[in-house]
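**Q** Only the shape, not the letters, is given here:
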C-alpha cells in the first residue's frame, strides 16, 4: 500500500483541477465555470464528459490521475498521464475519429470534440511537471526540480508553438505538383534559376534572390551594428550633451511601423523628392531613381535596424566592468590601448549578437523591400508573394522559407563559433568599483562623425514622414490639417457618456492590451531560457537553443500561414481568438529576449551563482535574487522589444487577426494600401507617442542596474 | 452529411443575435467593406464579423482553413482568385433569385464557375500618366499600346511583376488574347527597354506615378480615380487597340458554418441599394446591377473597347504557369 503524501505536490493539484473542476475544452462563445457539470458536454470538465456524456476517451487520463495521486513521486504514472492527454487530443477531432484505423478499431464515433481549453492546459502542465519532478528525483538535471520544470515547460511550448507549425509548413515543401513526383517537385523548386542565378556577375541583370538577400543582409547588418556601436559608445562613454535625446532618437525607428521609413526616404531621395529637386534646380543634375533597389532598401534597413543593434549593444557596453580598463591605464596603457585591447574585445559577444540579430532581421524584413525594392527581390518578398501572389504556391514558399531558415541558422552557428572560444566575464562577485572611462579622443571623434550626421538624417526622415499626419495629402497638398486625427480618434460626448467614435479606437485598445500581456510573458520566458542555456547543463541543450531560434528565422508571413494551418483544427483550435495572436507575439519575439539575456549573462561570472548555491539558496532563489537584478538592462531590452514588436508587427498577424481582434498595424496597412496615408500616419504618430510612454514606464518599473559607484561626481 | 448538418446546427451561435452571425472576408477598400457590413447588419439584424485582407491573403486563408472553415462569405477580389478556389473545391455553388438583373459579364462569371461565384463589380486597365511629369519633359500623352514603345518613354513606364501581381497577369493575358502569344511577348520584350521597374505589388506603379516617381504606369482605372480624387495630377487613357478588365466576385465558402446567413447576404448584395454603397464610399468600380447608380467618372463597360477576356481559360493554373514561365525567360531575365 503506497503512502499518501500530504500535502500532495502542487503539480498533482494542478492536474486534478484541470481534469475535475475546469471546463476541458475552449468555449467558442464565452466561458462559464458554473456549467462544468452541466448539460452542454462541450462546456464541462473531463470527468463530467466521461461520466455523464459517454466520452470514454477521457478515462485513461483520469485513471492516470488516480495513479499519480497514489504514487506522486513515481515517473511512470506521470508519463502515462501525459501520454493519455496527448492521445485523446490527437485521436478525436471535429469530425469524429481523426484517423481511419481508429474508426476501424473502435467503430464509428458519432461525437466530436473541439480544441482544448483551460482544463486541458492545466492538466497537461500538471502531468508535465509531475514527470519532470520525478525525473529530477532520479538525478536528471542534477536533481534540480526547478531547472527540470523550466526545461520541460520551455520544451513543451516550443514544440507546440514553434516546431510543430514550422514542420507542418515545411511538409508542404515536397507537396507534389501536377505531373511531378514529390522529389522532382522539391528539386525543381530548389534549383530554380530565380533563386540561385549568378548572372548579375557578368551581365547587367538581376541575380538569384538568395544572393541578393545574403548581400543585403550582410551589408545592412554591418552598417547597423557599426552605427549601433557608435551610438552605444557615445551614450555611455562621453559627456556629450543631449545624450538622452540621442538615446530616444535611436529607439524611434524601432517603434515605427516599417513602411513609414521607406515612404519618408522616398519623399526625401525619390525622383520627385526634395534632394533630387534641389539638385536639379541648383546644379541641373538628374539623380534619378537610385533609391529603388538595393541602395534604397539598404539605407532603409540600416535606419530600421540600428536601434535593434543599439539596444543589444548598450546592455553589453554598460556591462563591461570599468575595473579592467582602470587596471590597464594604471599599467600605463594609453586610453586608446586600453580601449582597443581591453574594452573592445570584451564587447565582442555583444557585437556578434547585434550583428546576428540585425542580419536575421534584414533577412526577414518585408516592409522595406516591398516599398523600396522596385525590381529588386529578396527572399522575404518572394515568400510573401509565393503565398499570396498570383501563383499561390505554398510549396515554393516552403522551399524558400527553408532556404532562409538554413541561412539564418548558419549565421547563428557561425556567431557561436566566433564567440564561444573565449570567456568574456567581467562582472564578478568581487568588489566592483569604477566609472566607465571616457572614449579615447580619436574614437570619440570617429563615432561622432558617423553617428551625428546619421542622427540628423533620422530627424529629417522622420519629420518628412510624420508630416504626413498633419497635411491634407502627403507628398502633394501640404496644407496643414488635423482632420486625419479627427477621423481616427474622434471622441463624442453624449447623454450616455463618452463615445469613442473614431475608427481607430477599437484596434488601438486591442493592440495595447495584447502587447501588454505578451511583453512580460516574452521577457520572462526569454530570460528563463537564457538562464537555463547559459547556466545549466542538461542533455538536449543545443537542441533547445536551436529550436528557440527557429521562429526568428521564419518570416512573419510564413509564420502566419503556418499558424493557421496548424491551429485551425483541434487539439489546439485557436484561430480567431486572442490566444493565437499572443502565441504569435511571444514566440516570434522570444529569440531576441533569449539573445539579449545570453549576451548579458555571458558577462556575469558563474561564481556569483555558485556562491549563492553554496549558501544553500535554491536555484529559483539564485535566479531571483542574484541573476535577475544584474540582468536589469537585458530585462528592459526584452520587455521593450517584445512590447514594441507586438505593436508594430505586420506580416505575421495579417492572417491571424479577426473582426474581434483587429490590430493597429493591420488597420494602418489597410489604409496605406488604399493610398490613405493621412490617417495611417496619424495613427503611427499616436502609436509612437504611446510606445515612447511605454518604454519610459518599463524603464521606470524595472529600474537601473546599480553597480559600484556609477554616478560621476560633478566636476 | 447529417453529421455535418448536425455539426453546423450545434455550432450556430447562441441567441446573442437572433438572426445569427456572418463571418466575412472582404478584399476591397476598408471604408467600403465597413459600410457594407454595417448596412447588412442594419437591414437584416445579422451580426457581421468582417475582416479586410488582400485578395491573395484571403485565398491563402481560405485554403489553409479548408478542413474547418471559419469564413462564410468572401466579398471582392478578382474572379481569377475565386476560380482558383473553386478549382480546389473550396467554394459552395449557389444561384440567387436576384441573378436576372445582373449585366452579362457578371452572369457569365457565375456560369463559368458552375455557380460558385458571381460578379459584383468590374474595372478596366488603363494607361495612367502623371500630367506634370509629362508636361515638364515634353512627352506626348500615349493613346495606344503601340505608342508606349516610342523612345520618348524610355525609363518612364512602371509595370507590376506578373509572378506576384494579379494586375500584371491581367495585363499580359489581355495582350495575349488581343494579338497572339508570340506577338504579345515580342511586344513585351520591346517594351522592356522603356520599363524602369517591375514592382512586386500591383498597386505600386500607380502610387509611384501619383508622386512623380515614374511618368507612366499601367493600372486599374478605379485605383487611379481614387488617387485623382485625392488631388494627385494623374490622368488616364484607354488604349485604342482594346484593354483588359477584371471582374470582382462574391462567393460562399464550402462548409461554412452560417450557410443561411451567407445566402441571405448573397441575395441582399445583388440588389441596387446594396450596390450603391460602393459609390457612396468613394469607390469607382462599375456595379454589377442594371439598376445601380454608376459614377460618371468611370465609363461603363459597354463604352470601352475591351479585349474579349476569357477568365476561365486564363485563370487556369496550367495556362498561367506557362505564361509566367515564358515571361521569366523572355522578359524578366533580360538585361536592361
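**A** That came through, no problem. In this text, all values refer to a predicted model and were calculated from it rather than measured experimentally.
**Q** helix/strand/coil for the residue in the stretch 1-150 of chain B that chain A sits nearest to?
**A** For the stretch 1-150 of chain B and chain A, the shortest gap (C-beta to the nearest C-beta) falls at residue B:56, measuring 3.0 Å. From N, CA and C alone the C-beta is placed, and that goes for glycine too. Assigned with DSSP: H, G, I helix; E, B strand; the rest coil, residue B:56 falls in the helix class.
**Q** What is the neighbour count of it?
**A** Using other C-beta atoms under 10 Å in any protein chain shown, residue B:56 is surrounded by 24 other residues.
**Q** quick one: it and residue B:166 touch, right?
**A** Yes - using C-beta atoms under 8 Å, residue B:56 is in contact with residue B:166, at 7.4 Å.
**Q** just to revisit the earlier point, report pLDDT for the residue of the stretch 1-150 of chain B closest to chain A.
**A** pLDDT, residue B:56: 81.
**Q** measure it to residue A:362 for me?
**A** 24 Å (C-beta to C-beta, to the nearest Å).
**Q** List the neighbouring strands of the longest strand seen in chain B plus their orientation.
**A** Assignment by DSSP state E gives strand B:117-130 as the longest strand of chain B. In the sheet, strand B:117-130 lines up against strand B:216-220 (antiparallel), strand B:234-237 (antiparallel), strand B:245-253 (antiparallel), strand B:286-287 (antiparallel) (DSSP bridges).
**Q** if you average pLDDT over each of those, which comes out lowest?
**A** strand B:286-287 - the lowest mean pLDDT of those, at a mean of 88.
**Q** beta partners for the residue positioned nearest the centre of chain B?
**A** In chain B, the centroid-proximal residue (C-alpha atoms, centre = their mean) is residue B:78; its distance is 3.4 Å. Judged by DSSP bridges, the bridge partners of residue B:78 are residue B:248.
**Q** Residue A:480 now?
**A** The partner residues for residue A:480, given DSSP bridges, come to residue A:471.
**Q** Check the secondary structure at residue A:493 for me.
**A** Relying on three-state DSSP, one would call residue A:493 strand.
**Q** That one and chain B, how far apart?
**A** 23 Å (C-beta to the nearest C-beta, to the nearest Å).
**Q** one step back: report the buried residues of the longest strand of chain B.
**A** B:117-130 (16 or more other C-beta atoms under 10 Å in any protein chain shown).
**Q** Could you do stretch A:460-476 as well?
**A** A:461-462, A:464-471, A:473-476.
**Q** And stretch A:328-345, by the same measure?
**A** By 16+ other C-beta under 10 Å, the buried positions in stretch A:328-345 come out as A:328, A:333, A:335, A:338-339, A:342-343.
**Q** What is the neighbour count of residue A:75?
**A** Residue A:75 sits with 17 neighbouring residues when counted by other C-beta under 10 Å.
**Q** need the contact list for it.
**A** When contacts are counted by C-beta atoms under 8 Å, 6 or more residues apart in numbering or on different chains, residue A:75 is found next to A:131, A:134-135, A:138.
**Q** now swap in residue A:146 and tell me
**A** A:618-620.
**Q** So it, which state does it fall into?
**A** Quick answer, by three-state DSSP: residue A:146 is helix.
**Q** what about residue A:159, neighbour count?
**A** Neighbour number of residue A:159 under other C-beta under 10 Å is 12.
**Q** Check the one 5 residues further on too.
**A** Residue A:164 has 15 neighbouring residues, counting by other C-beta under 10 Å.
**Q** Isn't it up against residue A:563?
**A** No - in this structure, residue A:164 is not within contact of residue A:563 by C-beta under 8 Å, at 10.0 Å.
**Q** picking up where we left off before, which of the contacts of residue A:146 sits closest to residue A:657?
**A** residue A:620 (37.5 Å; C-beta to C-beta).
**Q** Domain-wise, how is chain B divided?
**A** Domain segmentation of chain B under automatic domain parsing yields B:2-122+B:246-296, B:124-245+B:316-332.
**Q** The first one: how far from the chain's middle?
**A** Using C-alpha atoms, centre = their mean, to the nearest Å, the distance from the centre of domain B:2-122+B:246-296 to the centre of the chain it belongs to is 14 Å.
**Q** same deal with stretch A:72-85?
**A** The answer for stretch A:72-85 is 33 Å, by C-alpha atoms, centre = their mean.
**Q** Can you tell me how far the closest residue to the residue of the stretch 1-150 of chain B closest to chain A other than its chain neighbours is from residue A:141?
**A** Taking C-beta to C-beta, 6 or more residues apart in numbering or on different chains, and ignoring the residues beside it in sequence, residue B:56 has residue A:388 as its nearest neighbour in space, at 3.0 Å. Distance, residue A:388 to residue A:141, using C-beta to C-beta: 44 Å.
**Q** higher neighbour count, those two?
**A** residue A:388 (26 against 23).
**Q** And what about the closest residue to residue A:272 other than its chain neighbours, helix, strand or coil?
**A** Excluding its sequence neighbours, the residue lying closest to residue A:272 (C-beta to C-beta, 6+ apart) is residue B:212, at 3.4 Å. Assigned with three-state DSSP, residue B:212 falls in the coil class.
**Q** pretty sure residue B:212 contacts residue B:132?
**A** Yes - here residue B:212 reaches residue B:132: they are 6.5 Å apart, a contact under C-beta under 8 Å.
**Q** for residue 143, what are its contacts?
**A** All of this refers to chain A. Counting by C-beta under 8 Å, 6+ apart, residue A:143 has contacts A:136-137.
**Q** Chain B is the one I meant
**A** Residue B:143 touches B:237, B:239-240, counting by C-beta under 8 Å, 6+ apart.
**Q** Distance to residue A:107 and neighbour count for the residues you listed - can I get that in TSV?
**A** Shown next, in TSV, are those (distance: C-beta to C-beta, whole Å; neighbours: other C-beta atoms under 10 Å in any protein chain shown):
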residue	distance to residue A:107	neighbour count
B:237	70	15
B:239	66	23
B:240	70	13
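**Q** Tell me how far the residue positioned nearest the centre of chain A lies from residue A:414.
**A** In chain A, the centroid-proximal residue (C-alpha atoms, centre = their mean) is residue A:589; its distance is 0.8 Å. To residue A:414, residue A:589 is 23 Å away according to C-beta to C-beta.
**Q** do the same with residue B:164
**A** 32 Å.
**Q** Among these two, which residue is more densely surrounded?
**A** residue B:164 (26 against 13).
**Q** Wasn't the more buried one part of a helix?
**A** No - under three-state DSSP, residue B:164 sits outside any helix and is assigned coil.
**Q** my guess is the residue nearest to residue B:56 contacts residue B:62, does it?
**A** No - with contact defined as C-beta under 8 Å, residue A:388 does not count as touching residue B:62 (11.7 Å).
**Q** who's in contact with residue 237?
**A** No chain in the question, so chain A it is. Residue A:237 neighbours (C-beta under 8 Å, 6+ apart): A:317, A:436-439.
**Q** that's the other chain; I wanted chain B
**A** Residues in contact with residue B:237 (C-beta under 8 Å, 6+ apart) are B:126-127, B:129, B:141-143.
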